[in-house]
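1. I'd like to go over a predicted model; first the sequence, then the structure.
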Amino acid sequence: MLSGDGQMTDDMVETGVERFAAMGTRIELHQFGRAAPDALLAARRAIEAVDDALTIHRPSATTAVNDRLMAGEFAMTENPVLLDALAAIAEAWHATDGLFDPTVGSGGAAAWPGLSVDRGSGRIETGRPVAFDFGGFGKGFALDRAAAAMRAAGVTSAFLSAGESSVAVIGEHPLGGAWPVAIPHPLDPESWLVELSLRDEALSVSSTIGDGAAAPGRSPMIRPSDGMIVTAAATAVAVDASGAAAEAMSTALLVADPDAAQRLIAADPTRRFTFAFDDPSRRMTA
């Protein structure tokens, strides 16, 4: 806020920033307002714990489970982060009408409906070989846990990002009001797809084109219903109170057929969007 003489107050000052690599991208955590000791460190540790649990690019709790499930055997895990992620995915699967599914089975088709997770015992089993690839969901899930750690430390204003496609905000902008966020057009850097205002929310962008889509090691977008790779040039944007839910929804919107995407958008038309670039005039809304 501005004081009576127009000077900046302590609530407007950035009191800390943390930058590091995790989740296969660059993480930035910006804290504003009164200092909250160890908040940034707690947030970084939360993100690193998610990375350690969910990565499939080095040995982790997830790769250990995947090895068992792909061999047609049941798996056991005591990792609380992985179990929390699976619980969040169960909610996201229902919220997206099954269009978000982090499993990859034989032939590429998704297999979440045939999966059984016993949270109490940590037992995971399925009827056919399957593996988890959390992809962008992991970034949103990590930002949720980082934001929770910062709130617990007393932070009331912060901006968190995992690359350019996943952001979360705490409270209001240090100058007051909502955080303004503009999504750039992937084919025209001089224009925006949509401009949004965020308060205690997270935003996710999924796309089949642009720098992020071409990143080395990125898994292709697969339609759960038939296992086909989605190649049409398009971008989807989703905002939610939960970063994990936003990531799941933007992925679902990108792989959905037009009718399914329309149903999802109609449920929250000011927070869900798809843009199809094979038809530049097309912006799907409710």
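-> Alright, I've got the coordinates.
2. residues contacting residue 116?
-> Residue 116 sits next to 123, 124, 125, 126 when contact means C-beta atoms under 8 Å, 6 or more residues apart in numbering. For glycine as for every other residue, the C-beta is placed from the backbone atoms N, C-alpha and C.
3. for it, which residues make a bridge with it?
-> residue 125 (DSSP bridges).
4. any idea how far it is from residue 235?
-> Using C-beta to C-beta, to the nearest Å, we find residue 116 at a distance of 35 Å from residue 235.
5. ok, residue 221 - contacts?
-> With contacts taken as C-beta under 8 Å, 6+ apart, residue 221 has the following neighbours: 206, 208, 229, 230, 251, 254, 255.
6. so which of the contacts of residue 116 comes closest to residue 132?
-> When the contacts of residue 116 are compared for distance to residue 132 (C-beta to C-beta), residue 124 comes out closest, at 9.3 Å.
7. next, format the contacts of residue 221 as CSV and append distance to residue 278 and pLDDT.
-> Shown next, in CSV, are the contacts of residue 221 (distance: C-beta to C-beta, whole Å; pLDDT from 0 to 100):
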residue, distance to residue 278, pLDDT
206, 17, 94
208, 11, 89
229, 16, 71
230, 12, 76
251, 19, 94
254, 14, 93
255, 16, 91
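8. for residue 144, state which of those is nearest.
-> Nearest to residue 144 among the contacts of residue 221 is residue 251, at 15.9 Å by C-beta to C-beta.
9. that closest one: neighbouring residues, count only.
-> For residue 251, the tally of surrounding residues (other C-beta atoms under 10 Å) stands at 28.
10. make sure it is actually in contact with residue 136.
-> Yes - Residue 251 lies in contact with residue 136 (C-beta atoms under 8 Å); the separation is 6.4 Å.
11. overlap of the contact sets of those two?
-> Between them, residue 251 and residue 136 share the contacting residues 204, 206, judged by C-beta under 8 Å, 6+ apart.
12. can you give me the strands for the stretch 151-286 of the chain?
-> For the stretch 151-286 of the chain, the strands identified by DSSP state E, counting those that start in this stretch occupy 157-162, 166-170, 179-185, 188-198, 202-207, 234-240, 272-276, 283-284, in order along the chain.
13. wait, which of those strands is closest to residue 57?
-> The closest of these to residue 57 is strand 157-162. By C-beta to C-beta, the value is 15.5 Å.
14. hmm, which of the contacts of residue 116 is lowest in pLDDT?
-> Comparing pLDDT over these, the lowest score belongs to residue 126 (90).
15. averaged pLDDT, stretch 261-279. What do you get?
-> When pLDDT is averaged along stretch 261-279, the result is 93.
16. please point out which parts of it sit buried.
-> Buried residues in stretch 261-279, defined by neighbour count with 16 or more other C-beta atoms under 10 Å: 261, 262, 264, 265, 271, 272, 273, 274, 275, 276, 277.
17. I'd like to know how far the closest residue to the last one other than its chain neighbours sits from residue 221.
-> In other words, residue 277. Counting by C-beta to C-beta, 6 or more residues apart in numbering, residue 233 is the residue found nearest to residue 277 once chain neighbours are left out, at 4.0 Å. Taking C-beta to C-beta as the measure, residue 233 and residue 221 are separated by 12 Å.
18. re earlier: can you add distance to residue 246 and give the strands of the stretch 151-286 of the chain back as a markdown table?
-> Rendered in a markdown table, the data for those read as follows (distance: least, C-beta to C-beta, whole Å):
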| stretch | distance to residue 246 |
| --- | --- |
| strand 157-162 | 12 |
| strand 166-170 | 8 |
| strand 179-185 | 12 |
| strand 188-198 | 10 |
| strand 202-207 | 4 |
| strand 234-240 | 4 |
| strand 272-276 | 9 |
| strand 283-284 | 17 |
